[in-house]
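**Q** Model the following, please.
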Amino acid sequence: MATRNPLIYNGSDLIEMTSAQVDAVIDNIVYQYSLSPSVTLSVVGSSGSLGAISDTRLQAGAISNSSSSFPGSGTTQDPQTVTTNYDKVSQTVASVTPTADTGTTWPVYYTSGGEVHAMPIADIKDTFLHPAIDLLTASTTTTQQGGTYFISSSASVSGATEVSGSNTPVFVDTRANTGAYAAGSIGDHSQDNPTTITSYYLQRVNGATSSYESLMNIDGSNHLQQSGSAFDTLCQEWIRATASGSTDGYTIRYNFNGSGTTRGTGMANTILDGSSYNTRQVGDDYRAQEFPAGSVTTAATHVLKIVKA
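**A** Below you'll find the predicted structure:
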């Protein structure tokens, strides 16, 4: 197993590819993956396979009443936590069976003795497929990560496609709307008065075509020929198979809040950290209630991770 410099034809001779030319092939393999990812994420209504992530906020405590005096702040219920679970992302891993290596399937290279041999699949992995997976699982979200996913607080992102197709958020950060509570309306307003702070969306990175020098391979008559589009087809099969079922540590998987590389923005779950004691008298009905108040704190930050496993 080794990295190779495959051969190309320069019009008069067979020469080895430069490192830059090999990188261009890797970029094309990334593009082939973006056309048909084998590990996909989708936005679902509930029970997504990536599990639940939680948003929390405060709501007012229950009203305390007395017919003679206001209930003391020590006896009124504190603001209560409202939890909403979001389990809207599912992962699907395709089963891919790529074309088997016949011994002459892949492009050729010069051996140390100057002979022309076809690259074995182990060398294809080391030279092309594994570096492509390294790019696909990086933390950035450029075209070199085409076909992979990230989180954004914007439903529309240049160079990406919103996955749900209907701008459905996969997580919404809410907090108590303190402006909806007033002492003079105790008994007239809801305990829970949420306001949306930030919505977060699942995005898929768009790929981009990448030109590269045509490689040489051995045809059925044991002659050399330029690989052409058949090489793209092979590469798409094998990068898809690698991402979904590599036995060499190069699969692609996603999770929330686990191991791996963070993709996109963190999804902040913010909440108020205090309360205020309020009273209202209506005839001989003495009412007291605690409202959400205080400073904004971040209870948790949820992140989408991409894992090379």
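
**Q** The spatially closest residue to A183 that is not a sequence neighbour: what's it in contact with?
**A** Leaving aside its sequence neighbours, A183 sits nearest to N278 (Cβ to Cβ, 6 or more residues apart in numbering; 4.0 Å). Any C-beta I mention is one placed from the backbone N, CA and C, and that applies to glycine too. By Cβ atoms under 8 Å, 6 or more residues apart in numbering, the contact set of N278 is Y181, A182, A183, I186, A288, Q289, E290, F291.

**Q** Now render these as TSV, adding pLDDT.
**A** Formatted as TSV, those follow (pLDDT from 0 to 100):
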residue	pLDDT
Y181	98
A182	98
A183	98
I186	98
A288	98
Q289	98
E290	98
F291	98
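
**Q** Closest to Q32 out of the residues you listed?
**A** Y181 (56.0 Å; Cβ to Cβ).

**Q** show me the residues around K88 that make contact.
**A** V43, V44, G45, S46, G48, T168, V170, F171.

**Q** if you set the cut-off to 10 Å instead, what comes out?
**A** Neighbour list for K88: 42-48, 50, 52-53, 164, 168-171, 202 [criterion: Cβ atoms under 10 Å, 6 or more residues apart in numbering].

**Q** Which residue, neighbours along the chain excluded, lies closest to it?
**A** V170 (4.6 Å).

**Q** returning to that earlier point: can you flag the buried ones in the contacts of N278?
**A** The neighbour-count test (16 or more other Cβ atoms under 10 Å) marks Y181, I186, A288, Q289, E290, F291 as buried among the contacts of N278.

**Q** Need the max-distance pair from those.
**A** For the buried ones among the contacts of N278, the maximum inter-member distance is 13.1 Å, found between Y181 and A288 (Cβ to Cβ).

**Q** What about I15, how many residues nearby?
**A** I15 is flanked by 14 other residues according to other Cβ atoms under 10 Å.

**Q** quick one: what helix or strand has it in it?
**A** Using DSSP states H and E, I15 maps to strand 14-16.

**Q** Show the subsequent helix or strand relative to that strand.
**A** helix 19-35.

**Q** tell me which residues in that following helix are buried?
**A** The neighbour-count check on helix 19-35 (16+ other Cβ under 10 Å) flags Q21, V22, V25, I26, D27, N28, I29, V30, Y31, Q32, Y33, S34 as buried.

**Q** Tell me the backbone dihedrals of the nearest residue to the fifth one once chain neighbours are set aside, please.
**A** Across the structure, with Cβ to Cβ, 6+ apart as the measure, the residue nearest D27 apart from its sequence neighbours is S210 (3.9 Å). Here the main-chain torsion angles of S210 (degrees, to the nearest 10) amount to phi -140, psi 120.
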